[in-house]
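1. the following block contains a protein sequence and its predicted model.
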Amino acid sequence: MADPIRVFIVDDSAFMRYTINRHLGADPDIIVVGSAENGLEALKKIPSLKPDVVTLDVEMPKLDGLSTLQRLMVDCPTPVVMLSSLTARGARTTIKALMYGAVDFVQKPAGSKETREVMSVLIQKVKAAAGVHAGKIAPARAEIAPPSRHAVMSPFSVGDPLLVIGASTGGPKALQEVMAHLPADLPAAVLIVQHMPAGFTKSLAQRLNDLSPLTVQEAADGDRLARGLALLAPGDFHMEITSNKRVKLTKDPRRNHVRPAVDITMETAARNFGKSVLGVVLTGMGSDGTDGARLIKQNGGRIVAEDESTSVVYGMPRSVVEAGLADKVVPLPTVAGTIVEVLKNGRA
């Protein structure tokens, strides 16, 4: 029998600490080893308690969640699940936290009716985070510099390459790495699907736009594909791409338990643009992206998957690789270069 997952709770609200403790502690696979009401107290306790996972409030006095996370990643790297409020400020801070090494996040319940559902999701994410190797969450060696200018957008024509990137757990940080290193003259339109709830994808798009030579925007219904433009699926909407090169957002049922789903974007891209499509599957839980990758391959397109060595969670890429669909399997630092190589050579 495996040892229980050791969890440390950091939250300035005594009620939230109690709530998290009660729900996590009721799971037989989890034991709560300690708690703190602010970041300074947490940083004193965590090294000696050696938890497997830390749940960390975004907004706290004395030392906020983001500053606590940054210090923790340097002094005692530990998988972290953030707890975020659904505010513009909370969303921006949460996205930064995911870039700085947090494995995942949960949106705090807005009321007592949502508490059970949110705590159930938190338990799932704590269990996933416990399997993440500390070496894969270390902070980047250097801050990525913003581009000197954005690419000039140009019309997308049938036959031009269409790049579709899908990611889930660990994805924001992986997307930052990929998008920051794609060249301004990338000869493709780009679609991005990141599993993320409503209210957070706009902040993710803004963050990626600040770091990428390409223009990155949260997609809106009717947006037109363009070279030099990357469109990110908004939270809680599936993103389809139509034959007339426009985005169609839908509230169709969840696929693989998620909305947006990578499969839906990849499948509509494959049906309408055939061999022009290059699919990229990055870190994430589950198998979303496998059916989409299969249809891309059947229609003459190509697939790149992130290697296990850098995947925060080797679920989605593993599924694609084990299905025999990946033309290239490469570690994260070489994904951008591989995309350029495949598009330049016209083959994987």
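-> The structure has been received and is ready for your questions. All values reported here derive from a predicted model rather than from experimental measurement.
2. only C-alpha atoms for contact and neighbour calcs from this point on.
-> OK.
3. pLDDT below threshold where in the stretch 1-150 of the chain?
-> Applying pLDDT under 70 to the stretch 1-150 of the chain flags the ranges 1, 86-88, 138-143, 148.
4. ranges for the strands of it?
-> All strands of the stretch 1-150 of the chain, identified by DSSP state E, counting those that start in this stretch, fall at 5-10, 30-36, 53-57, 80-84, 104-107.
5. which of those sits most buried?
-> strand 53-57 (a mean of 28; mean count of other C-alpha atoms under 10 Å).
6. what does it rub up against?
-> If you take C-alpha atoms under 8 Å, 6 or more residues apart in numbering as the criterion, strand 53-57 is touched by 5-12, 64-65, 78-84, 126, 129-130.
7. format the strands of the stretch 1-150 of the chain as JSON lines; extra columns: distance to Ala220.
-> As requested, those are exported to JSON lines (distance: least, C-alpha to C-alpha, whole Å):
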{"stretch": "strand 5-10", "distance to Ala220": "36"}
{"stretch": "strand 30-36", "distance to Ala220": "41"}
{"stretch": "strand 53-57", "distance to Ala220": "31"}
{"stretch": "strand 80-84", "distance to Ala220": "25"}
{"stretch": "strand 104-107", "distance to Ala220": "23"}
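8. out of these, which comes closest to His195?
-> The closest of these to His195 is strand 104-107. By C-alpha to C-alpha, the value is 10.7 Å.
9. export the closest one as PDB, just CAs?
-> C-alpha atoms of strand 104-107 as PDB (Å, rounded to 0.1, in the frame of the first residue of the first chain):
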ATOM      1  CA  ASP A 104      -2.100  23.700 -11.300                       C
ATOM      2  CA  PHE A 105      -4.800  25.900  -9.700                       C
ATOM      3  CA  VAL A 106      -8.300  25.700  -8.400                       C
ATOM      4  CA  GLN A 107     -10.800  28.600  -8.300                       C
END
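10. chain center to it, what's the gap?
-> Distance of strand 104-107 from its chain centroid, counting by C-alpha atoms, centre = their mean, to the nearest Å, is 11 Å.
11. who's in contact with it?
-> Contacting residues not belonging to strand 104-107 are listed as 80-86, 94, 98, 118, 121-122, 125, 129, 169-170 [C-alpha under 8 Å, 6+ apart].
12. hmm, try it at 6 Å
-> Applying C-alpha atoms under 6 Å, 6 or more residues apart in numbering, the external contacts of strand 104-107 come out as 81-85.
13. same thing with stretch 287-298?
-> Contacts to stretch 287-298, defined as C-alpha under 6 Å, 6+ apart, come from residues 262-263, 266-267, 270, 316, 319-320.
14. average pLDDT for it?
-> For stretch 287-298, mean pLDDT rounds to 98.
15. in the stretch 101-250 of the chain, which spans are helices?
-> Counting by DSSP state H, counting those that start in this stretch, the stretch 101-250 of the chain has helices at residues 112-130, 171-180, 201-211.
16. just the CA atoms of the shortest one, as PDB, please.
-> As requested, C-alpha coordinates have been extracted for helix 171-180 and formatted as PDB (Å, rounded to 0.1, in the frame of the first residue of the first chain):
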ATOM      1  CA  GLY A 171       0.700  23.900 -20.100                       C
ATOM      2  CA  PRO A 172       0.900  27.600 -19.400                       C
ATOM      3  CA  LYS A 173       4.700  27.300 -18.600                       C
ATOM      4  CA  ALA A 174       5.200  25.000 -21.600                       C
ATOM      5  CA  LEU A 175       3.300  27.400 -23.900                       C
ATOM      6  CA  GLN A 176       5.400  30.300 -22.600                       C
ATOM      7  CA  GLU A 177       8.500  28.400 -23.700                       C
ATOM      8  CA  VAL A 178       7.200  27.500 -27.100                       C
ATOM      9  CA  MET A 179       5.500  30.800 -28.000                       C
ATOM     10  CA  ALA A 180       8.500  32.900 -26.900                       C
END
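17. now do it against helix 201-211, angle only.
-> 30 degrees (axes from the mean of the first three to the mean of the last three C-alpha atoms, to 10 degrees).
18. and if you look at the first one?
-> Taking the same axes, to 10 degrees, one finds helix 112-130 and helix 201-211 inclined to each other by 40 degrees.
19. how far off centre is helix 112-130?
-> That offset, for helix 112-130, works out to 18 Å (C-alpha atoms, centre = their mean).
20. and if you look at the last one?
-> Averaged C-alpha coordinates place helix 201-211 at 12 Å from its chain's average position (C-alpha atoms, centre = their mean).
21. then stretch 298-308?
-> On C-alpha atoms, centre = their mean, the centre of stretch 298-308 falls 19 Å from that of its chain.
22. quick check: buried residues in that stretch?
-> 299, 301-308 (16 or more other C-alpha atoms under 10 Å).
23. just to revisit the earlier point, can you redo the contacts of stretch 287-298 as JSON lines with distance to Gln70 and pLDDT?
-> Putting the contacts of stretch 287-298 into JSON lines (distance: C-alpha to C-alpha, whole Å; pLDDT from 0 to 100) gives the following:
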{"residue": "Val262", "distance to Gln70": "30", "pLDDT": "98"}
{"residue": "Asp263", "distance to Gln70": "34", "pLDDT": "98"}
{"residue": "Met266", "distance to Gln70": "35", "pLDDT": "98"}
{"residue": "Glu267", "distance to Gln70": "38", "pLDDT": "98"}
{"residue": "Ala270", "distance to Gln70": "40", "pLDDT": "98"}
{"residue": "Met316", "distance to Gln70": "27", "pLDDT": "98"}
{"residue": "Ser319", "distance to Gln70": "32", "pLDDT": "98"}
{"residue": "Val320", "distance to Gln70": "33", "pLDDT": "98"}
